[in-house]
Structures are given as C-alpha cells and as structure tokens.
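*Asks:* Please find the sequence and the predicted model below.
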Amino acid sequence: MRLIYPTSSLQGNPKDNFISLWHILNKQRALMNINPLPLKEALDLFCDGLSPLGPFWDHVLGYWKESLESPQKILFLKYEDMKKDSRSELKRLAEFLGYPFLWEEESEGDVNKNGMTLLKFENKELFRKAEVGDWKNYLTPKMAERFDYLIEEKLHGSWLVFENCLD
C-alpha cells in the first residue's frame, strides 16, 4: 500500500459494518429496480470475500498494519471509539491532519448541529441510525456465530480488536 498524503481510515465492528453495507447495497439495488439481496445471501458473499469494495478483511487489515508501521501517514480510527468519545477522537483526527482545533472552536462546542452537509443534503442519504451493536437486530444466532468464527480467523495475530464484536 503506497500512500503519499496522510490518510485516515474509520472502521467499525465488522458485523455492524456488514449490516450497513447490506442496507446501502439494497438502497442502490432499489434505485436500479433490482430486488433486494437477502441477508443470508449477502452474508455468504461477504464471508467468501466478495464485497463491492473488495475483500473487507484485506481492506481493514491493510490499513491497520500500515497504521502501525507508519503512524504519521495512516490514522486508524474505530467507529465505536468515535461514538464513545467523539470530542477526543475528532481532536485526534484534526491534529493528525495538521489542523488542530483552535481554543475558540473547542469552547464553542458542537459543529454542524443541524445535521446538514455543506452540500445541503440530509445525512440520511449516506448514513443510517449509526448505532453500535445494531447487527443484533438482523443476524440470527447462527449467522452471528459464523461471523464470530470468521472474525477470530481473520483478525488472529493482528492485535486488532473491535469492541462488542463477539457478544
């Protein structure tokens, strides 16, 4: 992986990531008048390494390993950490990019309180409810068990751990 500019990678619990990807994929399929992809079929494809962005595990572990080898070039962020302590994680990101928050910016508190982007479209076009652990509302116990096995297999020895991943 060759990256010239500082890059950040935001990753979440693989199960939540999969559910979000499944929702996005089905939104796109609906726009193209294609029937939704059943969850079990999507899980089979995902576990086989087939994903619109390439094999999930290669992508995540590539950024993870590069962030350990070149922390000045790659900042690896976890979605669960962002949800738990947004302020600290956003400060960390801003500092990594070379644009630390000014005292005035920090003292004013939240930015973008209306939920609109600079392009003036609602965040719901790109994001769902963004709740950690939402996978529990979709995956059957058998699907979750299959995912747990895959997570342990793929992340073994990497020191990469996602909270609330195996419960």
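*Replies:* That came through, no problem.

*Asks:* Residue 19 and residue 129: what is the separation?
*Replies:* Plainly put, residue 19 is 11 Å away from residue 129 if you go by C-beta to C-beta, to the nearest Å. Any C-beta I mention is one placed from the backbone N, CA and C, and that applies to glycine too.

*Asks:* Compare those two and say which one has the larger neighbour count.
*Replies:* residue 19 (22 against 8; other C-beta atoms under 10 Å).

*Asks:* now the helices for this protein?
*Replies:* 14-31, 39-47, 56-69, 79-84, 86-96, 103-108, 141-155 (DSSP state H).

*Asks:* Summarise which helices and strands the last one is packed against.
*Replies:* Here helix 141-155 touches helix 14-31, helix 39-47, helix 56-69, going by 3 or more C-beta pairs under 8 Å, 6 or more residues apart in numbering; DSSP states H and E.

*Asks:* For those, give me CSV that also has mean pLDDT and distance to residue 102.
*Replies:* Conversion of the helices and strands packed on helix 141-155 to CSV gives the following (pLDDT from 0 to 100; distance: least, C-beta to C-beta, whole Å):
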stretch, mean pLDDT, distance to residue 102
helix 14-31, 91, 33
helix 39-47, 96, 42
helix 56-69, 92, 27
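
*Asks:* got these as TSV, with distance to residue 97 columns?
*Replies:* Formatted as TSV, the helices and strands packed on helix 141-155 follow (distance: least, C-beta to C-beta, whole Å):
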stretch	distance to residue 97
helix 14-31	23
helix 39-47	31
helix 56-69	14
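
*Asks:* For residue 84, which of these is the nearest?
*Replies:* Nearest of the helices and strands packed on helix 141-155 to residue 84, taken as C-beta to C-beta: helix 14-31 at 14.0 Å.

*Asks:* Could you list the buried residues of that closest one?
*Replies:* Using 16 or more other C-beta atoms under 10 Å as the test for burial, helix 14-31 gives 14-23, 25-26.

*Asks:* do the same with stretch 138-153
*Replies:* So for stretch 138-153, counting by 16+ other C-beta under 10 Å, buried means 138-139, 143-144, 147, 150-151.

*Asks:* you'd agree residue 52 is up against residue 21?
*Replies:* Yes - contact status for residue 52 versus residue 21: in contact at 7.4 Å, counting by C-beta atoms under 8 Å.

*Asks:* what about the closest residue to residue 146 other than its chain neighbours, distance to residue 39?
*Replies:* The shortest distance from residue 146 to any non-neighbouring residue, by C-beta to C-beta, 6 or more residues apart in numbering, is to residue 47 (6.7 Å). Using C-beta to C-beta, residue 47 is found at 12 Å from residue 39.
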